[in-house]
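[1] I would like to see how this sequence folds:
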Amino acid sequence: MDHVKVGRLGPFPRVSRPVFLTSALLIIAFILFGALFNEQAELVFSQAKAFVSLRFGWFFIVVVNLTLVMSIYMIFSRYGDIRLGHQNEKPEYNLVSWIGMLFSAGIGIGLIYWGTAEPLYHFMAPPLGDGETIEAAKLAMNISFLHYGFHVWALYGMVALALAYFHYRVGLPLAIRSTLYPLVGKKIYGPMGHTVDILAVFGTMFGVVTTLGLGVLQINSGLNALFDVPINTTTQIVLIVFITLLAAGSLFLGLDKGIKRLSNMNILFTAVLLSFVIILGPTQFILNSFVENIGNYLHQVIPLGLWTESYKGEENWQSSWTIFYWAWWISWSPFVGVFVARISRGRTIREFILGVLLIPITILFLWFTAFGGSSVHMELMAAADPSIASPGLVEAVKADTGSAIFKLMESFPFTAAMNALIVVMIVLWFVTSSDSASFVIDMLTSGGDTNPPKIQRLFWAGTEGVIAAVLLAAGGLQALQAASIVSGFPFAIVIVIMMYSLLRGLSRDRLILYRNQQWFVTEESAEHNSANEFRDEELLTGPPDLETSDN
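    Predicted coordinates:
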């Protein structure tokens, strides 16, 4: 019987030795290099980022656009009614809990960090045209929507769909290797499968570490605004240690008691803060511009999505923004994909894709309009009327990107309370992101086990904290961006192969369902119906040699 071989390794009771050992040793080597050779590490990170983003930026753009095309095809294709599980199965989680966990895993800290700062930055220094104009404001919102819109969620959706399909419909382990089964067959249990899972571990680790690093930078800014805590690397490392300990405590509560409850709490706080800004801010402008921003985005999504700066002659802007984002989301996609697949049993493919594509971006676009759009509006109003004092938001972004949202709150009542709430939200996003990532990495390194041992999750949570600290010490935001871009590149290739493999698997699935229907509409004997039921069960569980084992 073929399966992913797992067993005890020291204090870890259930691991796939090739994946766990190789991933752990390479990550430890990375930590030692960054800690012992700080200056050399900073140089290597910056050079690696420049090479990948400038030479292969076009490839990242092609991959994310392919995932969007594939997602649209899935919605309208004949595969849309295939359910991720038995055809009569109900979803494991209700819609509210599913959206909460999806949102927490997919965005988290990035929303708080960039929701105010990014539109302001593009308004101040747009890639095209003059800054601090109405045209720059519209372009700033378009670019922000692009970086958090359809492309991102199509990418997450494709990885999650492939994982969920091959796990719940075919009975393979919930691991990246399983998505390649139609192409390589039983070789997924050998070196080829180990390599794919190791790439997924690296992508997950460095993608999440980038987010955790951004979160710590912003928590430091918030504490500085509230209590005048100094902004420096020492403070940030202390914060990483403290919040990693919180994440470790949450880990032991598990998926339902820990991550689910914290995710629901985050959704509540997000709704409270968003409502606060909409009601007490420029309400009419927010509602009007929300509609207009969506229209502008839909009008520009194709040209902006395929823009490569080829005629501009300078590629530095896109390297620092769009390519960074695509690589960041690609490196996040194994983590988000495994996690979303884990919570999506029982949904049809059409329901799954529509939910993943439409629900999060509606919240995201409203958030960016309320926070980023309001900030830009305030600056435009101050520039047009000398009697209106500038809120100083552009200067805040120039000084410290993470401080933008705290500076915005100075224009609202209850500033201290709102800033405290923002800090709490960032901490909770930090904890849920770390928890979810540790859960997913542990699944990948334990052969696709959907309930991996907690001691292993604790190991990976601690490792994430250490890497975040090393990257902050070795170059701050630039080092975090470099880690995302470099780790995302190899997995981008895997995603292309994964989509082709998914189409192969779905074609077989649809053929079996069609044959089943043909059996049932005939007036043959009950033995035929019995044979048909066996076929459907074989599709859902896989042939005997595909079963997995935890022993």
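[2] so which strand or helix has Arg8?
    For Arg8, the host element (DSSP states H and E) is strand 7-9.
[3] just how off-centre is that strand within its chain?
    Distance, stretch centre to chain centre, for strand 7-9: 30 Å (CA atoms, centre = their mean, to the nearest Å).
[4] strand partners of that strand, parallel vs antiparallel please.
    If you go by DSSP bridges, strand 7-9 pairs up with strand 12-15 (antiparallel).
[5] what's the following helix or strand after the strand it pairs with?
    Using DSSP H and E, the helix or strand that follows strand 12-15 in sequence is helix 17-36.
[6] Okay, buried residues for that following helix please.
    Within helix 17-36, the residues that count as buried by 16 or more other CB atoms under 10 Å are 17-20, 22-24, 27, 30-31, 34. Any C-beta I mention is one placed from the backbone N, CA and C, and that applies to glycine too.
[7] Which of those scores worst on pLDDT?
    pLDDT across these is lowest for Gly34, at 77.
[8] Relative to Phe489, how far out is it?
    When distance is defined by CB to CB, to the nearest Å, Gly34 is 19 Å away from Phe489.
[9] for the longest helix anywhere in the chain, the distance to its chain's centre please.
    The helix that spans the most residues within the chain, counting by DSSP state H, is helix 476-521. Taking the mean of its C-alpha atoms, helix 476-521 sits 16 Å from the chain's own mean (CA atoms, centre = their mean).
[10] That helix - contacts with which helices or strands?
    Contact here means 3 or more CB pairs under 8 Å, 6 or more residues apart in numbering; DSSP states H and E; on that basis helix 476-521 packs against helix 38-76, helix 150-164, helix 181-184, helix 191-227, helix 322-342, helix 454-473, helix 526-541.
[11] could those go into a markdown table alongside distance to Ile99 and mean neighbour count?
    Listed next are the helices and strands packed on helix 476-521 as a markdown table, based on distance: least, CB to CB, whole Å; neighbours: other CB atoms under 10 Å:
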| stretch | distance to Ile99 | mean neighbour count |
| --- | --- | --- |
| helix 38-76 | 18 | 17 |
| helix 150-164 | 12 | 27 |
| helix 181-184 | 30 | 17 |
| helix 191-227 | 19 | 24 |
| helix 322-342 | 11 | 28 |
| helix 454-473 | 24 | 23 |
| helix 526-541 | 26 | 13 |
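[12] Take the ones you listed and write them to JSON lines, including mean pLDDT and distance to Met499.
    Shown next, in JSON lines, are these (pLDDT from 0 to 100; distance: least, CB to CB, whole Å):
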{"stretch": "helix 38-76", "mean pLDDT": "90", "distance to Met499": "5"}
{"stretch": "helix 150-164", "mean pLDDT": "96", "distance to Met499": "6"}
{"stretch": "helix 181-184", "mean pLDDT": "92", "distance to Met499": "11"}
{"stretch": "helix 191-227", "mean pLDDT": "87", "distance to Met499": "14"}
{"stretch": "helix 322-342", "mean pLDDT": "87", "distance to Met499": "12"}
{"stretch": "helix 454-473", "mean pLDDT": "87", "distance to Met499": "27"}
{"stretch": "helix 526-541", "mean pLDDT": "41", "distance to Met499": "21"}
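[13] Looking at those helices, spot the one closest to Ser501.
    Ser501 sits nearest to helix 181-184 of all these, at 5.0 Å, using CB to CB.
[14] Which other helices and strands does that closest one contact?
    For helix 181-184, the elements it packs on are helix 476-521, judged by 3+ CB pairs under 8 Å, 6+ apart.
[15] Show me the shaky parts of the protein.
    1-2, 103-109, 252-260, 313-315, 476-477, 480, 512-551 (pLDDT under 70).
[16] okay, now the residue nearest to Tyr325 when sequence neighbours are not counted: neighbour count?
    Closest residue in space to Tyr325, ignoring its immediate chain neighbours: His147 at 4.5 Å, by CB to CB, 6 or more residues apart in numbering. Using other CB atoms under 10 Å, the number of residues around His147 comes to 23.
[17] same deal with Tyr311?
    By other CB under 10 Å, 6 other residues sit near Tyr311.
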